[in-house]
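**Student:** Kindly generate the corresponding structure for this input.
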Amino acid sequence: MANVALQHMVPGSIRSDVREFHGRDVVWVEVDASDRKGALSSDSSSMLELAAVTALHAHIPLVCIMRSSGADIVEGFAALHGWGRAAKALADCSGVVPTVFIVDGPAVSGPALLLGIADHVVMTDEAYAFVSGPTMVAEFTGVVIDNDELGGAASHARYTGAATLVATDLPAAIDAAAQLLSYFPQHNDQEAPRWETDDDIQRSVPEAGAIIPPSSTGSYDVRAVIRALADDGELLELRPRWASNVVTALTTIGGMPVGIVANQPLALAGTLDIPASQKAARFVACCDAFNLPIITLVDTPGFYPGKDLEWRGMIRHGAQLVFAYGRASVPRICVILRKSYGGAYIVMDSKKMGNDLCLAWPWAELAVMGAGQAAAILQRRATPEERAAFEADYAERLLNPYVAAERGYVDAVIDPAETRTIIGEALIALLDKRETLQARPHDNTPL
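**Tutor:** Residues are numbered from 1 along each chain as shown. Purely as a prediction, here's the structure:
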């Protein structure tokens, strides 16, 4: 379709229109940094508000290129009020239409907070974003810091998780935004678009199981398992540098877009900490909002222990992941690759959390804790020989998937080579899955 401008003659730093973007209609918003560094006047903010309202009512995605120094301080309170209306309109879009922000310059103060509302944020190497800038940091804390270190793309990719993806420049960022949107429907009342693929859904994947080391403590890259299961070995990993002990990725199986959540043994042995819980919970909620099935690959010895984590709120943040899975109504398939211990077993979409299919590989270990941990608690006063015998007996009797399968906690123990086929067939069977949701204004998400 031809571009249809929205309020074309309104003065200010923002221009928006409805256009075709890689084969789909979107509302396109662009902030012009040459106009007083993209300062948002009340008129400019009204343009962003209108763009979000248009996207919501037309049921099409919103893509915004952000370059803004913040609210227009010359205009004063009116500019703040306008930004507040824009934030409210963007919040209304959440979970209804996909929203992607591309940051190609500054995003300071209010505009920075909009990045936290958007579904996905792509930052270029030249971008930076923060609520309080280097001047305020130096004045209040005495720490001298520059824009890039405080809020550059690398900082947000590594430390805050605000950046979903990082691109070298604006054209690359636009391509990344298009790639992101290709996995999502136009709005939450549609199914995700099917992809064309020649990769047979019945393809055997013996290489997936061969990746797992013989030792239960051996390390491996879980992304290799995901590539083995995915169509043509392709995946789009989101927030790859933040909370690297869990992998969140988009891919397709049999042409069907899916979200993957997987423990990563290469980082912290795949344990769950606060950032990992936040990262996975946000991703699960996004997939659930836009009808993407969720496949969870489990290999974790539990939550990462530590006083610092507990004092920072491991309970609250671990609950975010439990809550995200517990309320998700899309098709959910769990595959236990190796270890699944303790509370982490529950939060990684266990059977009693309501998944549709729970599979385990033959060497999977499901237990309250590992043999060494159990011996340390139950055999505190035992001799080394007695502890060794206890650990051997514990591992033989309990650290296998068959006990869990007998009790209904695992639906099937499968040959790893059959994993792609079984997942693909399950996804087809679950295409018509519908759940009756409880009538309520909204839930009370743990934060």
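**Student:** Ser94 contacts Ile117, correct?
**Tutor:** Yes. In this structure Ser94 lies within contact range of Ile117 using Cβ atoms under 8 Å: 6.5 Å. The way it works is simple: take the backbone N, C-alpha and C, and place the C-beta from them, glycine included.
**Student:** where's Glu139, which helix or strand?
**Tutor:** Under the criterion of DSSP states H and E, Glu139 resides in helix 134-141.
**Student:** just checking, what packs against that helix?
**Tutor:** helix 147-151 (3 or more Cβ pairs under 8 Å, 6 or more residues apart in numbering; DSSP states H and E).
**Student:** what comes up buried for the helix it packs on?
**Tutor:** Residues of helix 147-151 classed as buried by neighbour count (16 or more other Cβ atoms under 10 Å): 147, 150-151.
**Student:** can you put these in TSV and add pLDDT and distance to Gly209?
**Tutor:** Below are these laid out as TSV (pLDDT from 0 to 100; distance: Cβ to Cβ, whole Å):
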residue	pLDDT	distance to Gly209
Asn147	91	47
Leu150	94	45
Gly151	93	43
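**Student:** what does the host helix or strand of Val403 contact?
**Tutor:** Taking DSSP H and E as the definition, Val403 sits inside helix 401-406. Outside of helix 401-406, the residues within contact range by Cβ atoms under 8 Å, 6 or more residues apart in numbering are 336, 360-362, 364-366, 397, 410-413.
**Student:** Which single one of the residues you listed is nearest to Gly354?
**Tutor:** Checking those against Gly354 with Cβ to Cβ, the nearest one is Asp411 at 13.0 Å.
**Student:** What is the burial count for the closest one?
**Tutor:** Counted with other Cβ atoms under 10 Å, residues neighbouring Asp411 total 18.
**Student:** Also Met9?
**Tutor:** Neighbours of Met9 using other Cβ under 10 Å come to 5.
**Student:** which SS state does it fall under?
**Tutor:** Under DSSP: H, G, I helix; E, B strand; the rest coil, the three-state class of Met9 is coil.
**Student:** measure it to Met314 for me?
**Tutor:** 53 Å (Cβ to Cβ, to the nearest Å).
**Student:** again, but for Leu297
**Tutor:** According to Cβ to Cβ, Leu297 stands 22 Å off from Met314.
**Student:** do Met123 as well
**Tutor:** Taken as Cβ to Cβ, the span from Met123 to Met314 is 28 Å.
**Student:** Of those two, which one has the most company?
**Tutor:** Met123 (30 against 19).
**Student:** In terms of pLDDT, where does the spatially most central residue of the chain sit?
**Tutor:** Centroid-nearest residue in the chain: Phe283, 2.6 Å away (criterion: Cα atoms, centre = their mean). For Phe283, the pLDDT comes out at 98.
**Student:** So which elements touch the helix or strand it falls within?
**Tutor:** In this structure, Phe283 is located in helix 274-289 according to DSSP H and E. Helices and strands touching helix 274-289, by 3+ Cβ pairs under 8 Å, 6+ apart, are strand 246-253, strand 256-263, strand 294-300, helix 314-327.
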